[in-house]
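K.L.:
task: produce atomic coordinates for the following.
(chains A and B)
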2 protein chains.
Amino acid sequence: MEKIPYKIYLNENEIPKQWYNVRADMKNKPAPLLNPGTLKPMTLEELSGVFCSELAKQELDDTTPYIDIPQEIRDFYKMYRPSPLVRAYCLEKALDTPAKIYYKFEGNNTSGSHKLNSAIAQAYYAKKQGLKGVTTETGAGQWGTALSMACAYLGLDCKVFMVKCSYEQKPFRREVMRTYGADVTPSPSNTTDVGRKILAEHPDTTGSLGCAISEAVEVAVKSEGYRYVLGSVLAQVLLHQSVIGLEAKTAMDKYGIKPDMIIGCAGGGSNLGGLISPFMGEKLRGEADYEIVAVEPASCPSFTRGRYAYDFCDTGMVCPLAKMYSLGSSFIPSANHAGGLRYHGMSSVLSQLYDDGLMTARSVEQTAVFQAAEQFARIEGILPAPESSHAIRAAMDEAIRCKETGEEKTILFGLTGTGYFDMVAYQKFNDGEMSDYIPTDEDLKPGFDALPKVEL
Amino acid sequence: MEKIPYKIYLNENEIPKQWYNVRADMKNKPAPLLNPGTLKPMTLEELSGVFCSELAKQELDDTTPYIDIPQEIRDFYKMYRPSPLVRAYCLEKALDTPAKIYYKFEGNNTSGSHKLNSAIAQAYYAKKQGLKGVTTETGAGQWGTALSMACAYLGLDCKVFMVKCSYEQKPFRREVMRTYGADVTPSPSNTTDVGRKILAEHPDTTGSLGCAISEAVEVAVKSEGYRYVLGSVLAQVLLHQSVIGLEAKTAMDKYGIKPDMIIGCAGGGSNLGGLISPFMGEKLRGEADYEIVAVEPASCPSFTRGRYAYDFCDTGMVCPLAKMYSLGSSFIPSANHAGGLRYHGMSSVLSQLYDDGLMTARSVEQTAVFQAAEQFARIEGILPAPESSHAIRAAMDEAIRCKETGEEKTILFGLTGTGYFDMVAYQKFNDGEMSDYIPTDEDLKPGFDALPKVEL
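P.N.:
Numbers count the residues shown, from 1 in each chain, chains lettered A, B, ... in the order given. Next comes the predicted model:
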């Protein structure tokens, strides 16, 4: 067997030609989105009022296993894909572990993360539909940057509502978006009805993804020629992000590598869902087995402490309801929480898979995450995003465990992005001022109490 | 002929095994460094007081064409090399030019630039010599970051003097260096004799590379187990950076591509020297011809308006003298100048090649540079460093000229890095507050008058 290189790069013609739709292989399909007015499943027509028609179709399609990637999107992918699958030789050596560690690195593009994979797809369908522009929300800023880049490339207008605390913590993220021609507003803002309402009730709020989504949806629905796009949670996003897993699998197959454990950080689930898709497909079809692990912040523990129930996707309750593991749409993570992964809910697709016992989840605390991040940066030469560092933490813990047990486990994790715009958080960590926060049951109670009483 | 992909990635085993020393093929050798006390050529022994012995040897070696790259350095290179050679299909289309544009992209590593290529080499030799640590200066911060990364990897102490105006403009650069364990001091500082002297004479100075070099050298010379390392200008740095050109040439040869014009931005000359080395070698040996173009800021025009003379490498005049195109060691670029490329002199190797007519130089103004940067970011999806954008500007100008003349010229330029830590400058540009500055002849006179009267 050929020695496995540090970085496995596929050829350009090995960029996937089709996305893989894991829902097609699920026996228990994810529950449908519900119309917040009628509490009936959203129809294609209803969804098309919010999303581009083609994306609405993808959102509803839980039977087609493979969906063609339009050539224009593949051409854009060629600017930064295939992304490398990296063998973490240096980390293995530093940890003195018999485990074999691989990571799929999605950070080598200016958006700094995997978000670009879905941004270009969503922008493309908006452009094809003849729209003027799109609106969206962004938390840590990676999605907003990605969407700005995609829109600049296609000549679409781009309006971004950025969670206020991120907007203030990350002024340079805003400047990157502006450089790509986007219009960026801190959320909640006075520019929307829902924003004004939230501000009236909570004048000191630092914002949340739930608020920002409500504002972005309001603007999209009220503006001629605009639609709303979302960077995570939705089934369509997981579909687009399947390029991550498909490439990873092709690269591993080429070298005869079979992962035992696949680890991904999870906020809304876009990266994790994308990374695991083809592996989960094999598992669902009974062709192979993998340990699949979601890692989330202890400060925003939707999988590990949330309820599996129908909930609003946004704070303003203007969006469709989704059945998902949720902390309640009013949940806002503690201000001491530094990174992304701050959404109150979780992809319906992943929620169903998790509920069916096809994957597990664990939560990690912030300080331990940044310790892993710093160690990884020094050893592997990449400064990771705080989000991605949740997966690093779990992968390192597993590799350390393997050292104790002697297991030669093959671990694959998703390194979703870089931390170049997270230096305020790193500074806090460098200065020893980072703290941990785990919500008490009391803290979580209001969110659970406010869950709508809906059953299909 | 196979279609040329968007990105040409070499295999790991195609990372160069030897650096190429262009001096070996030069008929007119670069003038030697002079001892500032005796004004005689620096001996190996004298140089070894400042630099690691192996690096001092490399500095003096102008006859050995190929020098082996130690395996440990090649292993580090594998973490981020080979870097891609990119065919700028999107840019060509947007400019509607018959020119074929390629760029060698060195920004896909956490230091954000090509500087890591020499940082790991210099840190390696320091470690091998059993030193405790190294000192250096950094302007825009790329070199300091690169050195911090290399030192963290090898377990060396790293002390960085950062030009004060950059230190203030780029707090996050400082944090990245701290994350990699480096000690960062704004220069001029009160921690050195030379810093105190400069501060006494110019209390309001925003600093310069020349000052920072003096401080770093002083600390290295006065501290047990430390040596000074430098990220540009020196012949040893150009030697290490030859990996850029060697990889570019291998990739081009694979696809039968021959560049007509090679363009690089030039501050101290490390990127330009590295990129052009193997091409210049062919030119020197009469095997091929290339148009080779250095691009520098109009606000710091050492090639285009400097004098070719012996000059001090640093403001404190403690370093060896070098014969180079220089604006005088007291020259400090106007504070409105945003990026790097702010050194008063230029690599002795490139200076000799330029003086011999083997390459040309042009200067570009800041606003035009950022216009090119923004356009490039939107079209090619990479937010470039301001430094690299000088080369982008020149490449775009040439491609636009080709459109007028119909020439199918093949252009290769060096995209040395990313602009993720330059958002203050981008913000200025986004806000329409960026200005240009071209020093008058009067502005340049004091620097020229202060040139030492030295001839060999």
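K.L.:
pull the helix or strand with minimum mean pLDDT from chain A.
P.N.:
The helix or strand of chain A with the lowest confidence, counting by mean pLDDT, DSSP states H and E, is helix A:164-169 at a mean of 88.
K.L.:
that one - contacts with which helices or strands?
P.N.:
strand A:183-187 (3 or more Cβ pairs under 8 Å, 6 or more residues apart in numbering or on different chains; DSSP states H and E). (C-beta placed from N, C-alpha, C; glycine too.)
K.L.:
what is the mean pLDDT for the strand it packs on?
P.N.:
Averaging pLDDT along strand A:183-187 yields 97.
K.L.:
then stretch A:311-319?
P.N.:
Rounded mean pLDDT across stretch A:311-319 is 87.
K.L.:
the strands in the stretch 351-456 of chain A, which residues?
P.N.:
For the stretch 351-456 of chain A, the strands defined by DSSP state E, counting those that start in this stretch occupy A:360-364, A:410-415.
K.L.:
among those, which is nearest residue A:124?
P.N.:
Closest approach to residue A:124 among these is made by strand A:410-415 (23.6 Å; Cβ to Cβ).
K.L.:
buried residues, the helix or strand following the least confident helix or strand of chain A. List them.
P.N.:
Later in the chain than helix A:164-169, the nearest helix or strand by DSSP states H and E is helix A:171-179. Residues of helix A:171-179 classed as buried by neighbour count (16 or more other Cβ atoms under 10 Å in any protein chain shown): A:172, A:173, A:174, A:175, A:176, A:177, A:178, A:179.
K.L.:
related to what we said a few turns ago, and the least confident helix or strand of chain A, how far out from the chain middle?
P.N.:
In terms of Cα atoms, centre = their mean, to the nearest Å, the gap separating the centre of helix A:164-169 from the centre of its chain is 19 Å.
K.L.:
again, but for stretch A:52-60
P.N.:
Put simply, stretch A:52-60 sits 19 Å off its chain's centre (Cα atoms, centre = their mean).
K.L.:
just the CA atoms of it, as PDB, please.
P.N.:
C-alpha atoms of stretch A:52-60 as PDB (Å, rounded to 0.1, in the frame of the first residue of the first chain):
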ATOM      1  CA  CYS A  52     -36.300  30.100  -4.300                       C
ATOM      2  CA  SER A  53     -38.500  27.500  -6.000                       C
ATOM      3  CA  GLU A  54     -35.700  25.100  -6.800                       C
ATOM      4  CA  LEU A  55     -34.500  25.200  -3.200                       C
ATOM      5  CA  ALA A  56     -38.100  24.700  -1.900                       C
ATOM      6  CA  LYS A  57     -38.300  21.600  -4.100                       C
ATOM      7  CA  GLN A  58     -35.000  20.300  -2.700                       C
ATOM      8  CA  GLU A  59     -36.300  21.000   0.800                       C
ATOM      9  CA  LEU A  60     -39.300  18.800   0.300                       C
END
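K.L.:
so which bits of the stretch 251-400 of chain A are right by chain B?
P.N.:
Taking Cβ under 8 Å from any Cβ of the partner chain, the part of the stretch 251-400 of chain A that reaches chain B is made up of A:374, A:377, A:378, A:379, A:380, A:381, A:382, A:383.
K.L.:
go on, the stretch 1-150 of chain A?
P.N.:
Counting by Cβ under 8 Å from any Cβ, the stretch 1-150 of chain A sits next to chain B at A:5-7, A:9, A:11-12, A:76, A:78-80, A:90, A:108-110, A:112, A:149.
K.L.:
what's the farthest-apart pair in those residues?
P.N.:
A:76 and A:90 (31.8 Å).
K.L.:
which one's more surrounded, those two?
P.N.:
residue A:76 (24 against 21; other Cβ atoms under 10 Å in any protein chain shown).
K.L.:
hmm, residue A:60 is touching residue A:44, no?
P.N.:
Yes. Between residue A:60 and residue A:44 there is a contact under Cβ atoms under 8 Å: 6.0 Å.
K.L.:
so for those two, which sits in the more crowded spot?
P.N.:
More crowded of residue A:60 and residue A:44, by other Cβ under 10 Å: residue A:60, with 18 against 13.
K.L.:
got a pLDDT number for the nearest residue to residue A:16 once chain neighbours are set aside?
P.N.:
Among residues not flanking residue A:16 along the chain, residue A:246 sits closest, at 4.4 Å (Cβ to Cβ, 6 or more residues apart in numbering or on different chains). Looking at residue A:246, its pLDDT is 98.
K.L.:
relative to residue A:297, how far out is the residue nearest the centre of chain A?
P.N.:
The centre of chain A sits closest to residue A:270, judged by Cα atoms, centre = their mean, with a distance of 3.4 Å. Going from residue A:270 to residue A:297 by Cβ to Cβ, to the nearest Å gives 16 Å.
K.L.:
could you do residue A:353 as well?
P.N.:
Residue A:353 sits 20 Å away from residue A:297, going by Cβ to Cβ.
K.L.:
mind listing the strands for the stretch 151-300 of chain A?
P.N.:
Counting by DSSP E, counting those that start in this stretch, the stretch 151-300 of chain A has strands at residues A:157-163, A:183-187, A:226-228, A:261-265, A:291-297.
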